[in-house]
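Q: Give me a model of this one.
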Amino acid sequence: MGLKFKKPVKALLAGVIMLSLMIGVFPISEKKVEAASASDAVINLSTKHQEIKGFGGMNHPSWAGDLTAGQRETAFGNNTNQLGFSVLRIFIDSDSRNWYKEVPTAKAAIAKGAIVFATPWNPPSNLVETFNHNGDTKAKRLRHDKYAEYAAHINNFVTYMKNNGVNLYAVSMANEPDYGHDWTWWNASEIVTFLKYYAGSINCRLIAPESFSYNKNIMDPVLNDSKALSNVDIVGTHLYGTPYKNFAWPLFQQKGAGKQLWMTEVYYPNSDQNSADRWPEALGVSEHIHNAMVNNLQTYVWWYIRRSYSPMKEDGTISKRGYCMAQYSKFVRPGYKRVMATEKPNQGVYVSAYTGDGKAVIVAVNKSASAISQKFTVNGQNIGTVDRYRTASNENLAKTSNLALTDNGFWAYLPANSVSTFVCTLKSSSVNTNTTALANGWYCIKNPASGKYLQVTGNKGAAGQNVEAGAKSSALGQKWYFRKLDNGYCTLSSALGDYMLDVSGAGTSDNTNIGIYHAYSGDAQQFKLKTTSKAGQFGIMTKVTNDKSGLHLRVTDNTNVVQNAYWEGTNQVWQFEPTN
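A: Purely as a prediction, here's the structure:
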(Lines give C-alpha, C1' and ligand atoms only; values in the text may rest on other atoms or scores of the structure.)
Protein backbone atom coordinates (compact mmCIF):
# COMPACT_ATOMS: atom_id res chain seq x y z
CA MET A 1 0.00 0.00 0.00
CA GLY A 2 1.15 3.56 -0.74
CA LEU A 3 0.96 6.77 1.21
CA LYS A 4 -2.80 6.98 0.69
CA PHE A 5 -3.25 4.13 3.16
CA LYS A 6 -1.75 3.20 6.48
CA LYS A 7 1.45 1.20 6.11
CA PRO A 8 1.24 -2.58 6.72
CA VAL A 9 3.51 -2.29 9.76
CA LYS A 10 0.98 0.04 11.33
CA ALA A 11 -1.84 -2.42 10.80
CA LEU A 12 0.31 -5.12 12.37
CA LEU A 13 1.05 -2.95 15.39
CA ALA A 14 -2.58 -2.03 15.77
CA GLY A 15 -3.81 -5.59 15.55
CA VAL A 16 -1.24 -7.62 17.46
CA ILE A 17 -3.86 -9.12 19.71
CA MET A 18 -7.13 -10.33 18.20
CA LEU A 19 -9.89 -11.79 20.29
CA SER A 20 -11.36 -15.11 19.18
CA LEU A 21 -14.54 -14.82 17.16
CA MET A 22 -17.52 -16.11 19.05
CA ILE A 23 -21.01 -16.18 17.60
CA GLY A 24 -23.90 -16.29 20.04
CA VAL A 25 -27.53 -17.16 19.34
CA PHE A 26 -30.08 -15.47 21.58
CA PRO A 27 -33.80 -15.05 21.98
CA ILE A 28 -35.28 -11.62 21.31
CA SER A 29 -37.48 -11.46 24.42
CA GLU A 30 -36.44 -10.71 28.00
CA LYS A 31 -35.87 -14.07 29.70
CA LYS A 32 -33.89 -13.89 32.89
CA VAL A 33 -34.12 -17.63 33.41
CA GLU A 34 -32.16 -18.27 30.21
CA ALA A 35 -29.27 -16.00 31.09
CA ALA A 36 -26.51 -16.12 33.65
CA SER A 37 -27.02 -13.94 36.71
CA ALA A 38 -24.82 -10.91 37.18
CA SER A 39 -23.82 -8.39 39.79
CA ASP A 40 -25.66 -5.07 39.67
CA ALA A 41 -24.31 -2.32 37.45
CA VAL A 42 -24.64 0.74 39.69
CA ILE A 43 -24.80 4.18 38.08
CA ASN A 44 -24.09 7.21 40.29
CA LEU A 45 -25.23 10.37 38.52
CA SER A 46 -23.81 12.60 41.25
CA THR A 47 -20.20 11.61 40.55
CA LYS A 48 -19.20 13.25 37.29
CA HIS A 49 -16.01 12.83 35.29
CA GLN A 50 -14.92 14.28 31.92
CA GLU A 51 -17.10 16.21 29.50
CA ILE A 52 -17.63 14.39 26.23
CA LYS A 53 -16.79 16.51 23.17
CA GLY A 54 -18.01 13.97 20.64
CA PHE A 55 -17.41 11.09 18.25
CA GLY A 56 -16.47 11.23 14.59
CA GLY A 57 -13.91 10.56 11.91
CA MET A 58 -11.54 11.83 9.23
CA ASN A 59 -12.44 13.13 5.79
CA HIS A 60 -9.47 13.20 3.42
CA PRO A 61 -10.47 14.21 -0.13
CA SER A 62 -6.88 14.16 -1.42
CA TRP A 63 -6.26 10.56 -0.38
CA ALA A 64 -9.69 8.91 -0.29
CA GLY A 65 -12.08 11.21 -2.16
CA ASP A 66 -14.60 13.57 -0.62
CA LEU A 67 -17.85 12.52 1.02
CA THR A 68 -20.91 13.07 -1.14
CA ALA A 69 -23.76 15.28 0.05
CA GLY A 70 -25.75 12.18 1.01
CA GLN A 71 -22.80 10.67 2.87
CA ARG A 72 -22.35 13.88 4.85
CA GLU A 73 -25.98 13.60 5.93
CA THR A 74 -25.42 9.98 6.96
CA ALA A 75 -22.28 10.85 8.92
CA PHE A 76 -23.38 14.01 10.74
CA GLY A 77 -27.15 13.71 10.85
CA ASN A 78 -28.76 12.07 13.87
CA ASN A 79 -31.96 10.65 12.48
CA THR A 80 -32.73 7.05 11.50
CA ASN A 81 -29.90 5.40 9.52
CA GLN A 82 -27.49 8.19 10.41
CA LEU A 83 -24.37 8.00 12.58
CA GLY A 84 -24.81 11.14 14.68
CA PHE A 85 -21.13 12.11 14.41
CA SER A 86 -20.29 15.41 16.08
CA VAL A 87 -16.54 15.69 15.31
CA LEU A 88 -14.83 16.00 11.92
CA ARG A 89 -11.08 15.85 11.37
CA ILE A 90 -9.63 17.36 8.19
CA PHE A 91 -6.21 17.62 6.51
CA ILE A 92 -3.88 20.64 6.39
CA ASP A 93 -2.12 20.06 3.08
CA SER A 94 1.45 21.33 2.89
CA ASP A 95 0.44 22.87 -0.46
CA SER A 96 -2.08 25.66 0.11
CA ARG A 97 -3.40 25.23 -3.44
CA ASN A 98 -5.21 22.11 -2.20
CA TRP A 99 -6.94 23.65 0.82
CA TYR A 100 -10.19 24.21 -1.09
CA LYS A 101 -10.81 20.46 -1.01
CA GLU A 102 -11.53 20.54 2.72
CA VAL A 103 -14.28 23.17 2.63
CA PRO A 104 -17.49 21.41 1.43
CA THR A 105 -17.64 18.60 3.99
CA ALA A 106 -16.39 20.85 6.79
CA LYS A 107 -19.19 23.34 6.12
CA ALA A 108 -21.76 20.56 6.00
CA ALA A 109 -20.54 19.12 9.31
CA ILE A 110 -20.68 22.51 11.05
CA ALA A 111 -24.19 23.05 9.71
CA LYS A 112 -25.17 19.87 11.58
CA GLY A 113 -23.59 21.15 14.81
CA ALA A 114 -20.30 19.24 14.58
CA ILE A 115 -16.93 20.68 15.53
CA VAL A 116 -14.09 20.56 13.00
CA PHE A 117 -10.39 20.29 13.70
CA ALA A 118 -7.44 20.06 11.33
CA THR A 119 -4.09 18.25 11.32
CA PRO A 120 -0.93 18.74 9.21
CA TRP A 121 1.21 15.78 8.16
CA ASN A 122 4.09 17.85 6.75
CA PRO A 123 5.19 21.48 6.65
CA PRO A 124 5.61 23.14 3.24
CA SER A 125 8.57 21.56 1.45
CA ASN A 126 10.70 24.72 1.70
CA LEU A 127 10.60 24.46 5.50
CA VAL A 128 11.78 20.83 5.63
CA GLU A 129 15.23 19.23 5.74
CA THR A 130 16.42 15.62 5.69
CA PHE A 131 18.44 14.10 8.51
CA ASN A 132 19.71 10.76 9.78
CA HIS A 133 17.03 9.10 11.88
CA ASN A 134 18.28 5.76 13.19
CA GLY A 135 20.04 5.04 9.91
CA ASP A 136 17.38 6.51 7.65
CA THR A 137 19.25 9.34 5.95
CA LYS A 138 16.14 10.50 4.08
CA ALA A 139 14.04 11.14 7.18
CA LYS A 140 12.32 14.54 7.27
CA ARG A 141 11.99 17.18 9.95
CA LEU A 142 11.02 20.82 10.24
CA ARG A 143 14.09 23.04 10.00
CA HIS A 144 14.87 24.51 13.39
CA ASP A 145 15.11 28.01 11.93
CA LYS A 146 11.66 27.72 10.32
CA TYR A 147 9.42 27.25 13.36
CA ALA A 148 7.91 30.73 13.09
CA GLU A 149 7.14 30.21 9.39
CA TYR A 150 5.50 26.88 10.19
CA ALA A 151 3.26 28.54 12.80
CA ALA A 152 2.34 31.13 10.16
CA HIS A 153 1.48 28.30 7.71
CA ILE A 154 -0.96 26.84 10.24
CA ASN A 155 -2.42 30.29 10.88
CA ASN A 156 -2.89 30.81 7.16
CA PHE A 157 -4.96 27.62 7.00
CA VAL A 158 -7.13 28.80 9.92
CA THR A 159 -7.72 32.11 8.14
CA TYR A 160 -8.41 30.44 4.78
CA MET A 161 -11.04 28.15 6.27
CA LYS A 162 -12.67 31.01 8.19
CA ASN A 163 -12.85 33.11 5.03
CA ASN A 164 -14.60 30.18 3.37
CA GLY A 165 -17.23 29.72 6.06
CA VAL A 166 -15.46 27.18 8.31
CA ASN A 167 -14.53 28.24 11.84
CA LEU A 168 -12.17 25.57 13.09
CA TYR A 169 -12.52 24.42 16.68
CA ALA A 170 -8.83 23.49 16.86
CA VAL A 171 -5.68 22.79 14.86
CA SER A 172 -2.93 20.30 15.57
CA MET A 173 0.80 20.95 15.41
CA ALA A 174 1.61 17.58 13.80
CA ASN A 175 0.26 14.15 12.93
CA GLU A 176 2.05 11.29 14.68
CA PRO A 177 5.42 12.99 15.29
CA ASP A 178 6.71 9.64 16.63
CA TYR A 179 5.78 7.81 13.39
CA GLY A 180 7.47 9.88 10.70
CA HIS A 181 8.31 7.08 8.28
CA ASP A 182 6.05 8.67 5.67
CA TRP A 183 5.91 12.23 7.00
CA THR A 184 7.76 14.54 9.40
CA TRP A 185 9.46 13.41 12.58
CA TRP A 186 9.44 15.44 15.79
CA ASN A 187 11.27 14.48 18.99
CA ALA A 188 10.14 15.53 22.45
CA SER A 189 12.63 18.41 22.67
CA GLU A 190 11.49 19.85 19.33
CA ILE A 191 7.85 19.60 20.37
CA VAL A 192 8.48 21.47 23.60
CA THR A 193 10.54 24.16 21.82
CA PHE A 194 7.83 24.79 19.23
CA LEU A 195 5.12 24.95 21.88
CA LYS A 196 7.06 27.24 24.20
CA TYR A 197 8.27 29.82 21.73
CA TYR A 198 6.08 29.69 18.63
CA ALA A 199 2.69 28.07 19.24
CA GLY A 200 1.37 31.11 21.09
CA SER A 201 1.04 32.92 17.77
CA ILE A 202 -1.48 30.41 16.41
CA ASN A 203 -4.97 31.94 16.38
CA CYS A 204 -6.93 28.83 17.22
CA ARG A 205 -7.07 26.18 19.92
CA LEU A 206 -3.95 24.05 19.60
CA ILE A 207 -3.75 20.26 19.77
CA ALA A 208 -0.44 18.63 20.67
CA PRO A 209 1.17 16.26 19.93
CA GLU A 210 -1.06 13.42 18.45
CA SER A 211 1.23 10.50 19.21
CA PHE A 212 0.88 7.36 17.09
CA SER A 213 0.26 5.03 20.04
CA TYR A 214 -0.27 7.15 23.18
CA ASN A 215 3.49 7.47 23.62
CA LYS A 216 3.85 9.18 26.95
CA ASN A 217 7.59 9.65 26.37
CA ILE A 218 6.95 12.48 23.90
CA MET A 219 3.96 13.87 25.76
CA ASP A 220 5.12 13.94 29.38
CA PRO A 221 7.77 16.63 28.68
CA VAL A 222 4.97 18.96 27.54
CA LEU A 223 3.07 18.43 30.78
CA ASN A 224 6.25 19.01 32.75
CA ASP A 225 7.01 22.34 31.05
CA SER A 226 4.54 24.96 32.23
CA LYS A 227 5.34 27.44 29.46
CA ALA A 228 4.90 24.86 26.70
CA LEU A 229 1.71 23.60 28.32
CA SER A 230 0.29 27.11 28.55
CA ASN A 231 0.13 27.25 24.75
CA VAL A 232 -1.72 23.92 24.48
CA ASP A 233 -5.50 23.67 24.68
CA ILE A 234 -5.93 20.00 23.80
CA VAL A 235 -3.60 17.05 24.17
CA GLY A 236 -4.25 14.58 21.38
CA THR A 237 -3.29 10.98 20.87
CA HIS A 238 -3.88 8.01 18.61
CA LEU A 239 -4.40 4.50 19.94
CA TYR A 240 -2.76 2.23 17.38
CA GLY A 241 -1.55 -0.88 19.15
CA THR A 242 -1.97 0.69 22.60
CA PRO A 243 -2.93 -1.96 25.18
CA TYR A 244 -5.83 -1.07 27.44
CA LYS A 245 -3.56 -1.04 30.48
CA ASN A 246 -1.77 1.97 28.96
CA PHE A 247 -4.93 4.05 28.37
CA ALA A 248 -4.65 5.65 31.80
CA TRP A 249 -2.46 8.76 32.07
CA PRO A 250 -1.98 9.77 35.72
CA LEU A 251 0.37 12.66 34.89
CA PHE A 252 -2.28 14.30 32.72
CA GLN A 253 -4.82 13.99 35.51
CA GLN A 254 -2.26 15.64 37.80
CA LYS A 255 -1.03 18.47 35.56
CA GLY A 256 -3.56 18.85 32.76
CA ALA A 257 -6.12 20.96 34.61
CA GLY A 258 -8.08 23.07 32.15
CA LYS A 259 -6.81 21.07 29.16
CA GLN A 260 -8.81 18.67 27.03
CA LEU A 261 -7.70 15.11 26.26
CA TRP A 262 -8.71 13.80 22.83
CA MET A 263 -8.34 10.56 20.91
CA THR A 264 -7.92 11.95 17.41
CA GLU A 265 -7.34 8.89 15.20
CA VAL A 266 -7.62 5.13 15.16
CA TYR A 267 -8.98 2.16 13.32
CA TYR A 268 -9.60 -0.95 15.39
CA PRO A 269 -8.73 -3.78 15.36
CA ASN A 270 -7.45 -3.69 11.74
CA SER A 271 -7.80 -2.10 8.33
CA ASP A 272 -8.37 -5.34 6.43
CA GLN A 273 -10.16 -4.94 3.13
CA ASN A 274 -13.95 -5.26 3.53
CA SER A 275 -13.64 -5.97 7.25
CA ALA A 276 -16.26 -3.45 8.39
CA ASP A 277 -19.07 -6.00 8.70
CA ARG A 278 -17.22 -8.88 10.34
CA TRP A 279 -19.10 -10.07 13.38
CA PRO A 280 -18.42 -10.29 16.27
CA GLU A 281 -15.10 -8.64 15.41
CA ALA A 282 -16.92 -5.31 14.87
CA LEU A 283 -18.14 -5.40 18.46
CA GLY A 284 -14.55 -4.79 19.51
CA VAL A 285 -15.03 -1.17 18.45
CA SER A 286 -17.62 -0.68 21.21
CA GLU A 287 -15.27 -2.20 23.76
CA HIS A 288 -12.44 0.00 22.48
CA ILE A 289 -14.59 3.13 22.86
CA HIS A 290 -15.60 1.98 26.35
CA ASN A 291 -11.97 1.78 27.42
CA ALA A 292 -11.20 5.19 25.94
CA MET A 293 -14.12 6.82 27.75
CA VAL A 294 -13.52 5.26 31.17
CA ASN A 295 -9.92 6.47 30.92
CA ASN A 296 -11.03 10.09 30.56
CA LEU A 297 -10.62 10.63 26.83
CA GLN A 298 -13.14 13.16 25.52
CA THR A 299 -13.37 12.29 21.83
CA TYR A 300 -13.17 9.14 19.76
CA VAL A 301 -12.24 9.83 16.14
CA TRP A 302 -11.98 7.05 13.54
CA TRP A 303 -9.55 7.25 10.61
CA TYR A 304 -11.46 7.50 7.31
CA ILE A 305 -15.19 7.98 7.81
CA ARG A 306 -15.84 6.10 4.55
CA ARG A 307 -13.72 3.04 3.78
CA SER A 308 -14.16 -0.70 3.46
CA TYR A 309 -13.07 -1.08 7.10
CA SER A 310 -14.80 2.05 8.45
CA PRO A 311 -18.09 3.21 10.00
CA MET A 312 -19.38 3.95 6.50
CA LYS A 313 -18.68 1.57 3.64
CA GLU A 314 -17.69 2.74 0.17
CA ASP A 315 -21.31 2.51 -0.99
CA GLY A 316 -22.33 5.02 1.69
CA THR A 317 -24.15 2.54 3.93
CA ILE A 318 -23.40 2.15 7.63
CA SER A 319 -21.29 -0.87 8.55
CA LYS A 320 -21.39 -3.06 11.63
CA ARG A 321 -18.42 -1.11 12.97
CA GLY A 322 -20.42 2.05 12.32
CA TYR A 323 -23.44 0.79 14.24
CA CYS A 324 -21.15 -0.13 17.14
CA MET A 325 -19.80 3.45 17.15
CA ALA A 326 -23.32 4.86 16.83
CA GLN A 327 -24.36 3.12 20.05
CA TYR A 328 -22.32 5.95 21.61
CA SER A 329 -22.34 8.78 19.07
CA LYS A 330 -26.12 9.00 18.59
CA PHE A 331 -26.94 9.11 22.30
CA VAL A 332 -23.89 10.43 24.19
CA ARG A 333 -24.02 13.95 22.83
CA PRO A 334 -21.48 16.79 23.07
CA GLY A 335 -21.53 18.38 26.50
CA TYR A 336 -22.66 15.23 28.29
CA LYS A 337 -20.50 14.11 31.20
CA ARG A 338 -19.40 10.64 32.03
CA VAL A 339 -20.60 9.54 35.46
CA MET A 340 -19.54 6.80 37.83
CA ALA A 341 -20.64 3.29 36.83
CA THR A 342 -19.72 -0.28 37.67
CA GLU A 343 -17.38 -0.80 34.76
CA LYS A 344 -17.34 -4.62 34.75
CA PRO A 345 -20.35 -6.03 36.59
CA ASN A 346 -19.90 -9.47 35.06
CA GLN A 347 -17.29 -11.37 33.09
CA GLY A 348 -17.21 -9.96 29.56
CA VAL A 349 -19.66 -7.12 30.32
CA TYR A 350 -18.42 -3.51 30.12
CA VAL A 351 -20.56 -0.59 31.29
CA SER A 352 -20.13 3.17 31.04
CA ALA A 353 -22.69 5.89 31.76
CA TYR A 354 -23.25 9.55 30.89
CA THR A 355 -25.68 12.34 31.71
CA GLY A 356 -26.97 15.42 29.91
CA ASP A 357 -30.18 16.93 28.50
CA GLY A 358 -32.16 15.54 31.45
CA LYS A 359 -31.14 11.99 30.59
CA ALA A 360 -28.94 9.20 31.83
CA VAL A 361 -27.36 7.19 29.01
CA ILE A 362 -25.91 3.77 29.80
CA VAL A 363 -23.89 1.73 27.29
CA ALA A 364 -23.38 -1.96 28.04
CA VAL A 365 -21.13 -4.15 25.90
CA ASN A 366 -21.43 -7.92 26.32
CA LYS A 367 -18.33 -9.45 24.73
CA SER A 368 -18.95 -12.89 26.22
CA ALA A 369 -20.37 -15.93 24.40
CA SER A 370 -23.19 -16.12 26.95
CA ALA A 371 -26.29 -13.99 27.38
CA ILE A 372 -26.54 -12.02 30.60
CA SER A 373 -29.60 -10.82 32.53
CA GLN A 374 -28.18 -7.61 33.93
CA LYS A 375 -29.60 -5.40 36.69
CA PHE A 376 -28.94 -1.67 36.39
CA THR A 377 -29.46 0.59 39.41
CA VAL A 378 -29.40 4.39 39.08
CA ASN A 379 -28.50 6.56 42.05
CA GLY A 380 -28.61 10.35 42.32
CA GLN A 381 -31.88 11.05 40.48
CA ASN A 382 -35.10 9.21 39.76
CA ILE A 383 -35.60 7.77 36.32
CA GLY A 384 -38.87 7.83 34.40
CA THR A 385 -38.74 5.76 31.21
CA VAL A 386 -36.00 3.64 29.65
CA ASP A 387 -35.60 3.18 25.90
CA ARG A 388 -33.18 0.59 24.61
CA TYR A 389 -31.20 0.41 21.34
CA ARG A 390 -29.18 -2.69 20.48
CA THR A 391 -26.69 -3.93 17.93
CA ALA A 392 -26.01 -7.65 17.68
CA SER A 393 -25.38 -10.22 14.96
CA ASN A 394 -28.88 -9.75 13.52
CA GLU A 395 -29.74 -6.26 14.86
CA ASN A 396 -28.52 -2.77 13.96
CA LEU A 397 -29.45 -0.10 16.51
CA ALA A 398 -32.75 -1.89 16.97
CA LYS A 399 -35.10 -0.11 19.34
CA THR A 400 -36.55 -2.79 21.58
CA SER A 401 -39.37 -2.77 24.10
CA ASN A 402 -39.50 -0.11 26.80
CA LEU A 403 -38.14 -1.59 30.01
CA ALA A 404 -40.05 -1.86 33.27
CA LEU A 405 -38.62 0.00 36.27
CA THR A 406 -37.91 -1.59 39.64
CA ASP A 407 -36.46 0.35 42.60
CA ASN A 408 -35.08 3.09 40.36
CA GLY A 409 -33.46 0.54 38.12
CA PHE A 410 -34.27 -2.11 35.56
CA TRP A 411 -33.35 -5.57 34.36
CA ALA A 412 -32.12 -5.93 30.79
CA TYR A 413 -31.29 -8.93 28.67
CA LEU A 414 -27.83 -8.59 27.10
CA PRO A 415 -27.47 -11.12 24.27
CA ALA A 416 -24.10 -12.72 23.72
CA ASN A 417 -21.83 -10.52 21.59
CA SER A 418 -23.99 -7.40 21.66
CA VAL A 419 -23.94 -3.75 22.65
CA SER A 420 -26.98 -2.02 24.19
CA THR A 421 -27.63 1.65 24.87
CA PHE A 422 -30.23 2.58 27.51
CA VAL A 423 -31.61 6.11 27.35
CA CYS A 424 -33.25 6.97 30.66
CA THR A 425 -35.35 10.08 31.13
CA LEU A 426 -34.82 11.66 34.52
CA LYS A 427 -37.67 12.67 36.80
CA SER A 428 -36.93 15.32 39.40
CA SER A 429 -34.10 16.35 37.14
CA SER A 430 -31.95 19.28 38.11
CA VAL A 431 -32.16 20.26 34.46
CA ASN A 432 -34.69 23.07 34.06
CA THR A 433 -37.73 21.75 32.19
CA ASN A 434 -38.03 25.01 30.28
CA THR A 435 -34.56 24.69 28.84
CA THR A 436 -35.12 21.06 27.88
CA ALA A 437 -38.16 22.11 25.85
CA LEU A 438 -35.70 22.95 23.08
CA ALA A 439 -33.44 20.45 21.37
CA ASN A 440 -29.75 21.17 20.89
CA GLY A 441 -29.30 22.81 17.50
CA TRP A 442 -29.06 25.98 15.44
CA TYR A 443 -31.61 28.75 15.97
CA CYS A 444 -32.34 32.34 15.05
CA ILE A 445 -33.58 34.16 18.18
CA LYS A 446 -36.37 36.69 17.68
CA ASN A 447 -37.89 39.36 19.87
CA PRO A 448 -41.57 39.04 18.80
CA ALA A 449 -42.54 42.56 19.85
CA SER A 450 -39.98 44.27 17.60
CA GLY A 451 -39.66 41.53 14.99
CA LYS A 452 -35.89 41.83 15.31
CA TYR A 453 -33.34 39.05 15.73
CA LEU A 454 -30.41 38.64 18.08
CA GLN A 455 -27.26 39.31 16.05
CA VAL A 456 -23.56 40.10 16.33
CA THR A 457 -22.92 43.70 15.38
CA GLY A 458 -21.32 43.99 11.96
CA ASN A 459 -21.53 40.21 11.49
CA LYS A 460 -17.96 40.11 12.81
CA GLY A 461 -16.56 37.30 14.93
CA ALA A 462 -14.26 38.85 17.53
CA ALA A 463 -13.86 38.68 21.28
CA GLY A 464 -15.87 41.48 22.88
CA GLN A 465 -17.95 42.19 19.78
CA ASN A 466 -21.33 43.71 20.62
CA VAL A 467 -24.66 41.87 20.34
CA GLU A 468 -27.76 43.73 19.22
CA ALA A 469 -31.10 43.10 17.49
CA GLY A 470 -31.67 43.64 13.78
CA ALA A 471 -33.89 42.81 10.83
CA LYS A 472 -33.87 39.17 9.77
CA SER A 473 -31.08 38.21 7.37
CA SER A 474 -29.13 35.16 6.29
CA ALA A 475 -25.97 36.37 8.02
CA LEU A 476 -24.04 33.96 10.23
CA GLY A 477 -24.17 36.56 12.99
CA GLN A 478 -27.88 35.78 13.48
CA LYS A 479 -27.33 32.04 13.95
CA TRP A 480 -26.84 30.58 17.42
CA TYR A 481 -26.14 27.01 18.49
CA PHE A 482 -28.24 26.21 21.55
CA ARG A 483 -26.62 23.54 23.74
CA LYS A 484 -28.08 22.30 27.03
CA LEU A 485 -25.78 21.73 29.97
CA ASP A 486 -26.40 19.16 32.66
CA ASN A 487 -26.75 21.87 35.36
CA GLY A 488 -29.98 23.24 33.88
CA TYR A 489 -28.37 26.04 31.90
CA CYS A 490 -27.48 26.36 28.24
CA THR A 491 -24.85 28.04 26.07
CA LEU A 492 -25.44 29.96 22.84
CA SER A 493 -22.53 29.66 20.38
CA SER A 494 -22.19 32.02 17.45
CA ALA A 495 -21.93 30.66 13.90
CA LEU A 496 -19.19 33.26 13.36
CA GLY A 497 -16.63 31.08 15.10
CA ASP A 498 -15.43 29.93 18.48
CA TYR A 499 -17.45 32.52 20.42
CA MET A 500 -20.38 32.33 22.81
CA LEU A 501 -23.02 34.82 23.91
CA ASP A 502 -21.48 36.49 26.94
CA VAL A 503 -22.40 38.89 29.74
CA SER A 504 -19.59 41.43 29.46
CA GLY A 505 -17.14 41.16 32.31
CA ALA A 506 -19.51 38.75 34.08
CA GLY A 507 -21.25 41.87 35.40
CA THR A 508 -24.35 41.56 37.56
CA SER A 509 -25.76 45.08 37.33
CA ASP A 510 -28.54 46.44 35.13
CA ASN A 511 -27.52 47.59 31.65
CA THR A 512 -24.46 45.33 31.55
CA ASN A 513 -23.75 44.89 27.88
CA ILE A 514 -24.23 41.59 26.06
CA GLY A 515 -21.62 40.54 23.51
CA ILE A 516 -19.66 37.53 22.33
CA TYR A 517 -16.40 36.24 23.74
CA HIS A 518 -14.06 33.28 23.32
CA ALA A 519 -16.02 30.14 24.22
CA TYR A 520 -15.19 28.82 27.68
CA SER A 521 -18.69 28.02 29.04
CA GLY A 522 -18.18 29.98 32.26
CA ASP A 523 -21.01 31.53 34.28
CA ALA A 524 -21.05 34.62 32.03
CA GLN A 525 -21.82 32.34 29.09
CA GLN A 526 -24.56 30.28 30.73
CA PHE A 527 -28.25 31.10 30.41
CA LYS A 528 -31.57 29.57 31.45
CA LEU A 529 -34.86 29.79 29.58
CA LYS A 530 -37.87 30.99 31.56
CA THR A 531 -41.35 30.25 30.24
CA THR A 532 -43.70 33.17 29.71
CA SER A 533 -47.43 33.64 29.44
CA LYS A 534 -47.15 32.94 25.69
CA ALA A 535 -46.29 29.43 24.52
CA GLY A 536 -42.94 29.12 22.79
CA GLN A 537 -41.62 32.42 24.14
CA PHE A 538 -38.93 32.67 26.80
CA GLY A 539 -36.98 34.99 28.98
CA ILE A 540 -33.24 34.30 28.60
CA MET A 541 -31.98 34.50 32.17
CA THR A 542 -28.32 35.02 33.10
CA LYS A 543 -26.52 32.72 35.49
CA VAL A 544 -24.29 35.50 36.80
CA THR A 545 -27.37 37.08 38.41
CA ASN A 546 -28.74 33.78 39.70
CA ASP A 547 -31.52 34.00 37.08
CA LYS A 548 -32.80 37.35 38.36
CA SER A 549 -31.93 39.26 35.19
CA GLY A 550 -32.22 38.45 31.52
CA LEU A 551 -31.52 39.61 27.99
CA HIS A 552 -33.20 42.97 27.46
CA LEU A 553 -33.70 44.90 24.23
CA ARG A 554 -33.20 48.55 25.12
CA VAL A 555 -36.36 50.49 24.33
CA THR A 556 -34.40 53.73 23.87
CA ASP A 557 -32.98 52.55 20.57
CA ASN A 558 -34.72 49.18 20.08
CA THR A 559 -31.35 47.83 18.95
CA ASN A 560 -28.78 47.18 21.64
CA VAL A 561 -29.12 44.15 23.93
CA VAL A 562 -28.16 44.37 27.60
CA GLN A 563 -28.83 42.56 30.86
CA ASN A 564 -31.62 43.91 33.05
CA ALA A 565 -33.84 42.85 35.94
CA TYR A 566 -36.54 40.61 34.50
CA TRP A 567 -40.28 41.29 34.65
CA GLU A 568 -41.39 39.62 31.39
CA GLY A 569 -41.56 42.86 29.50
CA THR A 570 -42.17 42.58 25.77
CA ASN A 571 -38.59 43.67 25.18
CA GLN A 572 -37.37 40.78 27.36
CA VAL A 573 -39.14 37.94 25.60
CA TRP A 574 -37.59 35.81 22.86
CA GLN A 575 -38.55 32.90 20.64
CA PHE A 576 -36.26 30.34 19.01
CA GLU A 577 -36.68 29.61 15.31
CA PRO A 578 -34.82 26.48 14.06
CA THR A 579 -32.37 27.12 11.22
CA ASN A 580 -29.63 25.28 9.35
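Q: For the stretch 101-250 of the chain, give me the ranges with low pLDDT.
A: For the stretch 101-250 of the chain, no stretch is flagged by pLDDT under 70.
Q: Show me the helices in it, by range?
A: With DSSP state H, counting those that start in this stretch as the definition, the stretch 101-250 of the chain shows helices at residue ranges 103-111, 147-163, 188-197, 216-223, 226-230, 250-255.
Q: where does the stretch 251-400 of the chain have low pLDDT?
A: Within the stretch 251-400 of the chain, not a single segment meets pLDDT under 70.
Q: what helix or strand is the residue lying closest to residue 519 once chain neighbours are set aside on?
A: Counting by Cβ to Cβ, 6 or more residues apart in numbering, residue 519 lies nearest to residue 500, which is 4.4 Å off, once chain neighbours are set aside. For the C-beta atoms, the positions are set from N, CA and C on the backbone; glycine is no exception. Applying DSSP states H and E as the criterion places residue 500 in strand 499-503.
Q: Quick one: residues in contact with that strand.
A: 454, 456, 461-463, 465, 467, 480, 491-494, 512, 514-521, 524-525, 527, 542, 544, 563 (Cβ atoms under 8 Å, 6 or more residues apart in numbering).
Q: tell me the mean pLDDT over it?
A: Throughout strand 499-503, pLDDT has a mean value of 95.
Q: Can you give the distance from the following helix or strand past that strand to the centre of its chain?
A: Reading on from strand 499-503 to the C-terminus, the next helix or strand found by DSSP H and E is strand 512-518. Strand 512-518 sits 25 Å away from the centroid of its parent chain (Cα atoms, centre = their mean, to the nearest Å).
Q: now do stretch 300-310
A: Put simply, stretch 300-310 sits 16 Å off its chain's centre (Cα atoms, centre = their mean).
Q: For the remainder of this discussion, apply numbering that starts at 426.
A: Shifting the count to begin at 426 puts that one at stretch 725-735.
Q: Provide the secondary structure category for residue 992.
A: Here residue 992 is recorded as coil under DSSP: H, G, I helix; E, B strand; the rest coil.
Q: show me what contacts it?
A: Contacts of residue 992 by Cβ under 8 Å, 6+ apart: none found.
Q: do you know how far it is from residue 600?
A: Separation of residue 992 from residue 600 (Cβ to Cβ, to the nearest Å): 55 Å.
Q: number of nearby residues for the nearest residue to residue 921 once chain neighbours are set aside?
A: Closest residue in space to residue 921, ignoring its immediate chain neighbours: residue 886 at 3.2 Å, by Cβ to Cβ, 6+ apart. By other Cβ atoms under 10 Å, 18 other residues sit near residue 886.
Q: Surely residue 886 is in contact with residue 943?
A: No: contact criterion Cβ atoms under 8 Å: residue 886 and residue 943 do not qualify, at 10.3 Å.
Q: what's the helix or strand for residue 786?
A: Per DSSP H and E, residue 786 falls inside strand 784-791.
Q: partners of residue 632 in the sheet?
A: residue 597, residue 659 (DSSP bridges).
Q: outside of stretch 542-555, which residues touch it?
A: 512-517, 519-521, 527, 562-568, 571, 574-575, 578-579, 582, 586, 593-600, 608-609, 630, 632, 635, 689.
Q: any idea of the mean pLDDT in stretch 889-896?
A: 94.
Q: And it, how far out from the chain middle?
A: Using Cα atoms, centre = their mean, the offset of stretch 889-896 from its chain centre is 29 Å.
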